[in-house]
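In: got a structure for you, letters missing:
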């Protein structure tokens with residue numbers, strides 16, 4: 001079985017470190033970046049990415065703006081995107097899904113729940 005490759009987009013390197021450490025221990029291959037702009041450059045390439053975890057609240061360009069841009073890329077129209085948010089306010093999940101995310105999870109991330117979500121890719 002091939003390892004699934006994930007792109008983690010988060011402006012906080014501590015969150016990236018924690019997610020990468022956890023997901024690599026579960027046999028995922030991880031790439032990461034600190035901004036949506038950098039993610040769009042990576043995703044515009046032919047880089048193999050099976051799933052994307054994106055922090056919804058980032059400076060410059062947040063996940064709500066980035067997700068439609070990602071899905072508009074010709075090679076990423078069917079990208080599996082997981083919205084990750086620390087706010088977890090009423091309506092956040094619906095707002096994330098309306099932006100184009102395929103799944104939603106709040107911080108602190110429940111690893112078992114995340115693995116169930118990632119099982120869909």
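Out: Yep, that arrived. Everything numeric here is computed off the predicted structure, so don't read it as measured data.
In: A strand includes residue 8, no?
Out: Yes - assessed with DSSP: H, G, I helix; E, B strand; the rest coil, residue 8 lies in a strand.
In: Would you check how far apart the residue nearest to it when sequence neighbours are not counted and residue 94 are?
Out: With sequence-adjacent residues excluded and distances taken as C-beta to C-beta, 6 or more residues apart in numbering, residue 8 is closest to residue 32, at 4.3 Å. For the C-beta atoms, the positions are set from N, CA and C on the backbone; glycine is no exception. Note on residue 32: its distance to residue 94, by C-beta to C-beta, to the nearest Å, is 27 Å.
In: you'd agree the residue nearest to residue 8 is up against residue 20?
Out: Yes - with contact defined as C-beta atoms under 8 Å, residue 32 reaches residue 20; the gap is 6.2 Å.
In: Residues that sit against both of those two, list them.
Out: Shared contacts of residue 32 and residue 20 (C-beta atoms under 8 Å, 6 or more residues apart in numbering): residue 8.
In: Spatially central residue for this structure, please.
Out: In the chain, the residue lying closest to the centroid (C-alpha atoms, centre = their mean) is residue 53, at 1.2 Å.
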